[in-house]
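Undergrad: any chance you can model this:
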Amino acid sequence: MKFKTVKESDNRLLNRREFMILVEDTDKTPKRDDLVKQISAKMGFDDKKVVVDKIFTTYGIPEVRVYVKVYDNVKDLEEIESKKNNKVRAKILGLEVKDGKKGAKGKAPAKAPAKEEAKVEAPKAPKEEKKE
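TA: Numbers count the residues shown, from 1 in each chain. Modelled structure (predicted):
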């Protein structure tokens, strides 16, 4: 695979650098973990600070565009990235997932049952019969 940097930007607000990388000569779409390892090795970044956010492919063209984010430190990465990206990243690198939740697996805490109010019914009026 050949890598070519198409666009590079410096996002100081989020303490990261963003790249659009063109990967040429690919037979199939590369896996995220392969991309993370190869991009970090080729560009000299730490694997733990690199996030492959999106992979763009076009039918019939042997090239892939990859949107990559490289953070200054791991703490910023964990705070800013979505839960999904953090889980995928942890799976790729073999890290422990920090979810921040305690208790049931992904379930929202149970709500307390609402108090039932006493139903007050209005007295029924007697039916009037028509006399002819």
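Undergrad: residue 85 - that's part of a helix, no?
TA: Yes: counting by DSSP: H, G, I helix; E, B strand; the rest coil, residue 85 is located in a helix.
Undergrad: what about it, how many residues close to it?
TA: Neighbourhood size, residue 85 [other CB atoms under 10 Å]: 16. C-beta here means a position set from N, CA and C on the backbone, and glycine is covered the same way.
Undergrad: one more: residue 8?
TA: When neighbours are counted by other CB under 10 Å, residue 8 registers 11.
Undergrad: for it, what is the enclosing helix or strand?
TA: Using DSSP states H and E, residue 8 sits within strand 2-11.
Undergrad: avg pLDDT for that strand?
TA: Taken as a whole, strand 2-11 carries a mean pLDDT of 93.
Undergrad: which residues sit against it?
TA: Residues from elsewhere that reach strand 2-11 (CB atoms under 8 Å, 6 or more residues apart in numbering): 17-25, 38-39, 42, 65.
Undergrad: for this protein, what are the low-confidence residue spans?
TA: Residue ranges of the chain with pLDDT under 70: 96-123, 125-126, 128-132.
Undergrad: phi, psi for the nearest residue to residue 51 once chain neighbours are set aside please.
TA: Counting by CB to CB, 6 or more residues apart in numbering, residue 51 lies nearest to residue 69, which is 4.6 Å off, once chain neighbours are set aside. Main-chain torsions, residue 69, degrees, to the nearest 10: phi -120, psi 130.
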